[in-house]
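Undergrad: Generate coordinates for the sequence data below:
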Amino acid sequence: EDFSSFSSGALPSTGALGVGNFTAVSSSVIDPPDPGGGIDYGGTGTQFGSVSANGSLTIDLPGEGARYVGFFWGAGDPNNEVEFYSGDTLLASFTSDEIFPDGEEEPRYDRADYVGECASGVSTNCSVDEPYAFINLQLSDPSTYFTKLVFKQTGSGGFEFDNLTTSTAWGGAGATGKLL
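TA: Down below sits the predicted model:
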């Protein structure tokens, strides 16, 4: 989902994306690109999804779900959280600080490699202390599928994301992948 088929502004409380239905709690919006060169939270210079303070956006994937999920995480802050479910079972939950920790923690990824560049080669007008990255998650168990994604903002600020991609095939969004 690149959110280009939506009008800018607040999402309704329920609706449909390309391959799944959503439920929005509190402020979930489609933000427009900033043609004046402002912060490019979405990563592609197009409009993007965001969840405002204490809000959430739940996306139910149809059918059996997906074995691969990817999305651009723009300007990750400590209050951003994403959850991945199979049915009612929580498979994983991440904050940007868990993926890109500061300090002496053993990093999954070095935070310094992901801050201050909001799109490839673009560092102007980016949030300099927040990471920008395309996140890829793939399941190795052939009997498990992602069926629900929850994007949450657990405090102040916003959770900006874009280019949500899924695939039912193991190996990511290749020929059988579909942009939500």
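Undergrad: Only C-alpha atoms from now on, for both contacts and neighbour counts.
TA: Noted.
Undergrad: how much space between Tyr85 and Gln153?
TA: Look at Tyr85 and Gln153: by C-alpha to C-alpha, to the nearest Å, they are 17 Å apart.
Undergrad: Pick out whichever of those two has more residues nearby.
TA: Neighbours per residue, other C-alpha atoms under 10 Å: of Tyr85 and Gln153, the larger number sits with Gln153, 27 against 19.
Undergrad: For that one, give me its contacts.
TA: Contact partners of Gln153, counting by C-alpha atoms under 8 Å, 6 or more residues apart in numbering, are 51-56, 79-81, 159.
Undergrad: Now secondary structure and pLDDT too, for these, in a markdown table please.
TA: Conversion of the contacts of Gln153 to a markdown table gives the following (DSSP: H, G, I helix; E, B strand; the rest coil; pLDDT from 0 to 100):
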| residue | secondary structure | pLDDT |
| --- | --- | --- |
| Val51 | strand | 91 |
| Ser52 | strand | 90 |
| Ala53 | coil | 91 |
| Asn54 | coil | 92 |
| Gly55 | coil | 92 |
| Ser56 | strand | 94 |
| Asn79 | coil | 93 |
| Asn80 | strand | 94 |
| Glu81 | strand | 96 |
| Phe159 | strand | 90 |
